[in-house]
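Participant: got a predicted model here, sequence first, then my questions.
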Amino acid sequence: MKNIKYYVCPSTVKEALAVLLSKKYKAMALAGGTLVSKTLPDTVETYLDLKNLPIKGIRLQGGNLVIGAGATFDEIDRSKLCRSWAGGCVSRAAEACSSQLVRNMATIGGNIARPHSFNIFPVVLLGLDAKVRLQTKKGAQLVDFQDLYSSGLGLRPGLDSLITEIVIPVKTRKWKCEFIKLAKTASSWESYIKLFFSAEKKGKSVIQARVAVGALSPRPFRAPEAEKALLSGAGAEAAAKAFAAELEAARAGEYRSSAASSLFKRFVNSL
Amino acid sequence: MKTGIIETKKGFFEITVAINGEKKELSVKNDESLLDALRRHGWKGTKKGCDTGDCGSCAVLLNGRPVLGCLAPAVTAHEGEITTIEGLGSVRAPHPLQVAFVEAGAVQCGFCIPGMILSSKHLLDRTPNPTEAEIRKALDGNLCRCTGYVKQVEAVKAAAQKLRGKGKRARA
Amino acid sequence: MDAKNLKVVNKPVIKMDALGLACGEPAFTDDVEFKGLLTGKILWSPHAHARIKKIDVSAALKVPGVKAVLTYKDLPRVPHTTAGQGYPEPSPYDSYTLDNKVRFVGDRVAAVAAETPEAAKEALSKIKVEYELLPAVFDTFEAMKDGAPVIHDEEDSKNIPDAKHNIAAKFDFEVKNGEWFKEADFVFEHSWSIPYLQHCAIEPHITIAHFDNTGRLVLRTSTQVPFHVRRIVAQALKIPVKKIRVVKPRIGGGFGSKQEVLLEDITAALALKTGRPVKLEYTRKETFISSRTRHPAVCRMKAGVKKDGTITDAEMEITLNTGAYGSHALTVMMCSGSHTIPMYRVKNNIRFIGRSVYTNLPVAGAYRGYGATQGFFAWECLMDMMAAKIGMDPVEFRKMNYIKLGEGSPVFKAMGEGREGVEQVITSTGLFEAIQKGSDEIKWTEKKLKYAAQSGPIRRGVGVACMMQGSGIPEVDMASATMKMNEDGSFNLLVGAADLGTGSDTILAQIAAEVLGIKTDDIIVTSSDTDITPFDVGAYASSTTFISGGAVKKTAEKVRDMILEVGAKILDQKKEDLRLEDGKVVAKDGASCSLSEVANTSLYYYNQHQITASASHFAHTSPPPFQANFAEVEVDTETGQVKILDYVSCVDCGTAINPQLAEGQNDGAVLNGISHTLSEAMEFSSNGTPLNASFRRYKIFSAADTPPVRTFIIPSWEPAGPFGAKSVSEIGINGPLPAVANAIYNACGVWLFEAPFTPDKVLKAIQKGKNKGL
């Protein structure tokens, strides 16, 4: 931080990327700044402020829900589109962030730029099969959120590339979804576990199921056995048992496994 | 790429900001937070309670929206508009929110109050008739250890009523 | 007597400093500028227990801008206590401004003063310290064993009862009327525990030391105890009291953490060394680690009860963890019994066994509730256990047994604060009405019935707890006030009492205004400045309304007498026929003159003199305020999450001098207690390093987390208090732990013994209960 020499506030993504790629600037992108502004490495010499980039809107495009990377938690929380999409789980995740002041500043792009166990959106985006649009030196790319977040794809968003959009596919629009942050208090920054459950039913059978788990580690993961149990119509008890076993295997510990599987059981019963 | 670049001189950025409606040229340290810059330049109403973005005592309105002054680098306020508690009202001419906080008995030690009032201002700007839940949500980033938030929530309700009654819907 | 005829007291007068604070006026310690101000910083120990073998500051001194680096070698070695208590302090003298030994992670090693914060930080990083690591101990029971590491092995400490076993304070007491538990039909014994809890005042600790134009040292500091600060800094640095002035500006909350000489000694030392003004301000992390905390405690209680509801015997054994130093170690421990055991009549035997034990962890100190929080958690849960066993409603069981008007307790005399207490009986109580009101508000009977038949994973329950506290420390606390009259009939009121956000300036002005028949805004209050205001022990022990209020009332009465004297001359009437009313001296026959005429007459015409008076006050008793608290909770028995649906707190504080401010005091105390109950605990690594020293990770309740908190003031009239007043500020923090624990039991049949009741612990208790077939 002490080596900051430049402040750049571009108005196009192209300009912004050029600053990131330029040797002169040694820039790091600041979106909301809530996560990085106090902990910039000394190698960074330029604040690249993204506030004027046209990457903020929340809109429907080709039936997909497209959230600009610069959309704040507050905007996502209040967006009618987000509130009506997939049972409003994206809005609920935004709302679960600890404080209004952070929600006013922090952006969804910033929240997925680097894996942390306290990030809020990853578990939901994983569950919703989201894609991420990035601007890299090779041009614009659309990648699976899961791939970007789990492996990084050789990219370091904010340092050598920019996340510009999050695309949530049209198929998820009517999904029944639930986002749960199990924490000491509603506004706790840290949580025991973050859960994303989703299912779609046709007649009596479940034709789509998603169970995703966050907060146990920096990267959220899907719970395939729980999903399988759900799809096979195994019933709430059996599905919860399968989920508990998966959580135990992921070293979630007794409490998290027990509480999360109970919550899953309730979700299955509510279908 | 010619727009929006400033370079430090001897470790300082020279920025232009409108603070409480007055245009100012400020020197801010290259790594200084907006909170530290404001306090160093005399706006002492903005408080430092944690410096980690968790207590909200440092909240100011940046372009109408409450932000955490301790987390915002000062330079990012360049060409922006800032409202601090001093800009909202004064002892001679207080803002209805300030009066409401006083009348409700919502000010105990008072250290969190500037930030809390600015958060309330933003709430009432966009939600003139908030529910209790909306008030609590809007204030959830402003920690207070004195009051239990009881009278602060009452104060915001009272101010909302007063502002609506006057037909003076507060502007952003 | 009651408050009916009062004109200013018992009215919701606007808090006099509120508008300035709401407008961001520069009122706090750090809100004024000092030319040439240096930044002070402290180097903290990274080790839990170590001796400093070598310390080399030469590189630090070479950092540009560094003006001073202090180590133990540079300062007089004076054993003292940091506890801001009356002299001689009952806490052990076991602290040194700087020492050659460190006793916890976060203990002082060295201090620097530099032109900029950056230079100060760099200097800290360049101090070379060679430590001899010593074995550390973190558990109180381990620390008391033979052969445990001795934390205070220095020879010059004073008043440590058993340094070899790390016992910083101990007190035992017994009333014996026959064989223990002989009459009891049922005997219960359990232990309840409370972790490290932080005050979390939003303003971090801060001191600015500067010099006046005669070279005297001025300490502008965020403190609850300006006069104790002056005395203890003089003692620790070996400078005369007359060379020090302590100024208390507005304070951003204290809750006990600022009843401590925490920064003033070292900031003064840096200023004296450099001859420059120095500011030392804690970061939030430092506030968590290196200020003070509540004493973690294990409280074992054993009690016996007869089937008819008579409590036969009660024994409390409390073990407090005082951390590395014994600040408030004896007094908090004694208050954990003296403020709690007398709550209920015990027919035969009472025993109290108290220990405060050193460990290599952060230092505990005064914290709102002051031991009663720890004691009532145990006592009030035990009450519910007994009620359940004998099949009595917990409310009825309490009504039967609580201490009534005119009753005393052997505990009052046996246990004071650090010494013998005083005999007293209850001279005012509104507890019965408080219990009734609370039962009605929470709908106790209706809900008990309704919740008796529940199924499904989400269960609701209601719980009750009653509490008492004190009003000042009898025959220890003393306060004084000075008033003087101005030409326009206004008055200056100078008080040593330290308003730390409580509103004491306002309520003291109300008391004076009531006596003088004027409005509160005709009184200009100054608090507190050791050069200007008379002595007061400070803001602690729930003393300000009762003790300082008593001093102000006496002072105003003296002033009233002087006014009447002059008024009699002006009106040519007998003094006895005059009274003060609406800013005038009024005679029986209706003749009157204004107070400004009185002032002008006294200053310029008749027997020229300043109408002014001072008075002091101390008390022989400490009348307890009482409370009944009721909680309604919802427990998710599959996730362990506890949600408080409603919280009702009915408080008898005698006459509320300012009902609005009294409610605010109680709302805040209750929420602090609720936050303790469901969320707060400091965590440590196995080597004693604090793990969650931030608001992000040590979670205090936000507005969104907060349940409905409803305070009701239940009036009573305390004959010993000013206009019938008792204390209000601390008591409310003691209720939530037991009230919520009892409500959880009512909801799902399990007891919780360990605070906080986090979802993981609650679920574990529920599952354990299920295994037992509950």
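Facilitator: Perfect, I can see it now. These numbers come from a predicted model, not from an experiment.
Participant: please make it C-alpha for all contacts and neighbour counts, starting now.
Facilitator: Fine.
Participant: just give me the neighbour total for the closest residue to residue A:205 other than its chain neighbours.
Facilitator: Taking C-alpha to C-alpha, 6 or more residues apart in numbering or on different chains, and ignoring the residues beside it in sequence, residue A:205 has residue A:233 as its nearest neighbour in space, at 6.6 Å. When neighbours are counted by other C-alpha atoms under 10 Å in any protein chain shown, residue A:233 registers 15.
Participant: my guess is residue A:233 meets residue A:202, correct?
Facilitator: No - under the criterion of C-alpha atoms under 8 Å, residue A:233 makes no contact with residue A:202, lying 11.9 Å away.
Participant: any idea which helix or strand carries the residue of the stretch 1-150 of chain C found nearest chain A?
Facilitator: The minimum distance from the stretch 1-150 of chain C to chain A, using C-alpha to the nearest C-alpha, falls at residue C:118 (10.0 Å). Using DSSP states H and E, the secondary-structure element containing residue C:118 is helix C:117-125.
Participant: need the residues of the stretch 151-271 of chain A near chain B, please.
Facilitator: Counting by C-alpha under 8 Å from any C-alpha of the partner chain, the residues of the stretch 151-271 of chain A close to chain B are residue A:187.
Participant: show me where the stretch 51-200 of chain C has strands.
Facilitator: If DSSP state E, counting those that start in this stretch is used as the criterion, the strands of the stretch 51-200 of chain C fall at C:66-70, C:101-102, C:108-114, C:128-133, C:167-175, C:186-194, C:197-198.
Participant: oh, that last question was meant for the stretch 51-200 of chain A, not what I typed.
Facilitator: Listed from the start of the chain, the stretch 51-200 of chain A has strands (DSSP E, counting those that start in this stretch) covering A:58-61, A:64-68, A:131-136, A:139-144, A:162-168, A:176-182, A:193-202.
Participant: need the winner for burial among those strands.
Facilitator: Mean neighbour counts were compared across those using mean count of other C-alpha atoms under 10 Å in any protein chain shown; the top stretch is strand A:162-168, at a mean of 26.
Participant: shaky segments in the chain?
Facilitator: Chain wasn't specified; assuming chain A. Across chain A, nothing is flagged by pLDDT under 70.
Participant: look at chain C instead
Facilitator: Under the criterion pLDDT under 70, the flagged ranges of chain C are C:773-774.
Participant: I'd like the distance between the residue of chain C found nearest chain B and residue B:85.
Facilitator: Closest approach of chain C to chain B (C-alpha to the nearest C-alpha) occurs at residue C:501, with a separation of 3.4 Å. If you measure residue C:501 against residue B:85 using C-alpha to C-alpha, to the nearest Å, the figure is 19 Å.
Participant: looking at the two, which is more packed in?
Facilitator: More neighbours sit around residue B:85 than around the other of residue C:501 and residue B:85, counting by other C-alpha under 10 Å; the figures are 28 against 23.
Participant: hang on, that one packs against residue C:24?
Facilitator: Yes - counting by C-alpha under 8 Å, a contact exists between residue B:85 and residue C:24, whose distance comes to 5.8 Å.
Participant: got any residues that touch both of the two?
Facilitator: Overlap of the contact sets of residue B:85 and residue C:24 (by C-alpha atoms under 8 Å, 6 or more residues apart in numbering or on different chains) consists of B:45, B:46, B:114.
Participant: so who does the residue nearest to the second one when sequence neighbours are not counted touch?
Facilitator: It stands for residue B:46. Distances taken as C-alpha to C-alpha, 6+ apart place residue B:58 nearest to residue B:46, at 5.1 Å, with adjacent residues excluded. Residue B:58 makes contacts with B:35, B:46, B:47, B:48, B:49, B:68, B:69, B:70, B:115, as judged by C-alpha under 8 Å, 6+ apart.
Participant: got those residues as a markdown table, with pLDDT columns?
Facilitator: Putting the contacts of residue B:58 into a markdown table (pLDDT from 0 to 100) gives the following:
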| residue | pLDDT |
| --- | --- |
| B:35 | 98 |
| B:46 | 98 |
| B:47 | 98 |
| B:48 | 98 |
| B:49 | 98 |
| B:68 | 98 |
| B:69 | 98 |
| B:70 | 98 |
| B:115 | 98 |
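Participant: which one of these sits in the busiest neighbourhood?
Facilitator: Highest neighbour count within those, by other C-alpha under 10 Å: residue B:115, with 34 neighbours.
Participant: how about the contacts made by residue C:110?
Facilitator: Neighbour list for residue C:110: C:42, C:43, C:44, C:69, C:70, C:71, C:72, C:98 [criterion: C-alpha under 8 Å, 6+ apart].
Participant: how many neighbours does the fourth one have?
Facilitator: By other C-alpha under 10 Å, the residues close to residue C:69 number 25.
Participant: equivalent analysis for residue C:524, please.
Facilitator: The local packing of residue C:524 (other C-alpha under 10 Å) involves 17 other residues.
Participant: which one is it nearest to, not counting chain neighbours?
Facilitator: residue C:492 (4.8 Å).
Participant: which SSE is that neighbour in?
Facilitator: Using DSSP H and E, the secondary-structure element containing residue C:492 is strand C:491-495.
Participant: which elements pack onto that strand?
Facilitator: strand C:479-485, strand C:523-526 (3 or more C-alpha pairs under 8 Å, 6 or more residues apart in numbering or on different chains; DSSP states H and E).
Participant: export those strands as CSV, with columns for distance to residue C:541.
Facilitator: Written out in CSV, the entries for these read as follows (distance: least, C-alpha to C-alpha, whole Å):
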stretch, distance to residue C:541
strand C:479-485, 13
strand C:523-526, 21
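Participant: buried deepest among those strands, which one?
Facilitator: A comparison of the helices and strands packed on strand C:491-495 by mean neighbour count, using mean count of other C-alpha under 10 Å, puts strand C:479-485 on top with a mean of 25.
Participant: so how far is it off the chain centroid?
Facilitator: Distance of strand C:479-485 from the chain centroid (C-alpha atoms, centre = their mean, to the nearest Å) equals 25 Å.
Participant: CA-only coordinates of that strand in CSV, if you can.
Facilitator: Included here for strand C:479-485 are C-alpha records, laid out as CSV according to Å, rounded to 0.1, in the frame of the first residue of the first chain:
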residue,chain,number,x,y,z
ALA,C,479,-18.4,12.5,45.5
SER,C,480,-18.5,16.3,45.7
ALA,C,481,-19.9,19.2,43.8
THR,C,482,-19.5,22.9,43.5
MET,C,483,-22.0,25.4,42.3
LYS,C,484,-21.8,29.1,41.6
MET,C,485,-24.4,31.6,40.5
